[in-house]
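Chemist: Let's see this in three dimensions:
(one chain, ligands or ions: 2)
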Amino acid sequence: MAAVSATVHDVVERRLAEADQRYTAGRRALVDVLARAGRPLTVPEIVAANEELAQSSAYRNVTSLVELGVLRRLRGPEDHDRFELAEALSHHHHHLVCVECGRVEDVELSLDLEQTLREAARVVGATHGFGVVEHRLDVLGRCRTCEPPGGDASAIAGAGAAKRSEASPV
Ligand SMILES: [Zn+2]
Ligand SMILES: [Zn+2]
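Modeler: Ligands and ions are numbered 1, 2, ... in the order given. Below you'll find the predicted structure:
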């Protein structure tokens, strides 16, 4: 687990101050957990990572931090939304989504692949008179835990991922 750079907290504190909001200890602890996790977490997972966080206030805080642009909400089934730091506070990345257990992992693509994706998004946008500002790409599949024995989950980390999984650029 990497240490959370003071910069993240500074930026969040400034952003909240601009909105007349306080960067409370609860909010700070929540941002800290998400910055360390390196993958999007559900509220129960966030609470489990820091015993000082109460579930009720954690739900309130993630909601307001999403509204303030500090966190991004990834919609999940029923009550299983996941949260991560907004890309402005972390870095551009994509997600591997397990269709069995719902776990979501962050992945960074190579510069070449990012360039290809940006170009593909630009072409799609241009075709529809749509000004592209960013792109998202989730790769759906089965994680190592959920892949039945004999499956080729190892391929998910390589170039095979796009082939065997459903890719959905938004
Ligand atoms: Zn899984
Ligand atoms: Zn990208």
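Chemist: At the contact with ligand 1, which residues of this structure appear?
Modeler: Of all the residues in the chain, those in contact range of ligand 1 (CB under 5 Å from the ion) are 98, 100-101, 103, 143, 146. (C-beta placed from N, C-alpha, C; glycine too.)
Chemist: run the last query once more with 6 Å
Modeler: Contact residues, the chain versus ligand 1 (CB under 6 Å from the ion): 98, 100-101, 103, 143, 145-146.
Chemist: Could you point out the helix or strand that follows the helix ranked longest in the chain?
Modeler: The helix spanning the most residues in the chain, taking DSSP state H as the definition, is helix 111-127. Heading C-terminal from helix 111-127, the first helix or strand you meet, by DSSP states H and E, is strand 137-141.
Chemist: list the helices and strands that next one packs on?
Modeler: Packed against strand 137-141, as judged by 3 or more CB pairs under 8 Å, 6 or more residues apart in numbering; DSSP states H and E, are the following elements: strand 94-98, helix 160-164, strand 166-169.
Chemist: if you set the cut-off to 10 Å instead, what comes out?
Modeler: With contacts defined as 3 or more CB pairs under 10 Å, 6 or more residues apart in numbering; DSSP states H and E, strand 137-141 has these neighbours: strand 94-98, strand 104-107, helix 111-127, helix 160-164, strand 166-169.
Chemist: Quickly run through the sheet partners of the second one, with directions.
Modeler: With DSSP bridges as the criterion, the sheet partners recorded for strand 104-107 are strand 94-98 (antiparallel).
Chemist: Report the distance from the strand it pairs with to the chain centre.
Modeler: Taking CA atoms, centre = their mean, to the nearest Å, the mean C-alpha location of strand 94-98 is offset from the chain mean by 9 Å.
Chemist: Extract the residue ranges of the protein that are flagged as low pLDDT.
Modeler: Confidence mapping of the chain against pLDDT under 70 gives the ranges 1-3, 79, 150-170.
Chemist: For the residue nearest to residue 109 when sequence neighbours are not counted, grab the count of nearby residues.
Modeler: Using CB to CB, 6 or more residues apart in numbering and skipping the chain neighbours, the partner closest in space to residue 109 is residue 94 (6.1 Å). For residue 94, the tally of surrounding residues (other CB atoms under 10 Å) stands at 20.
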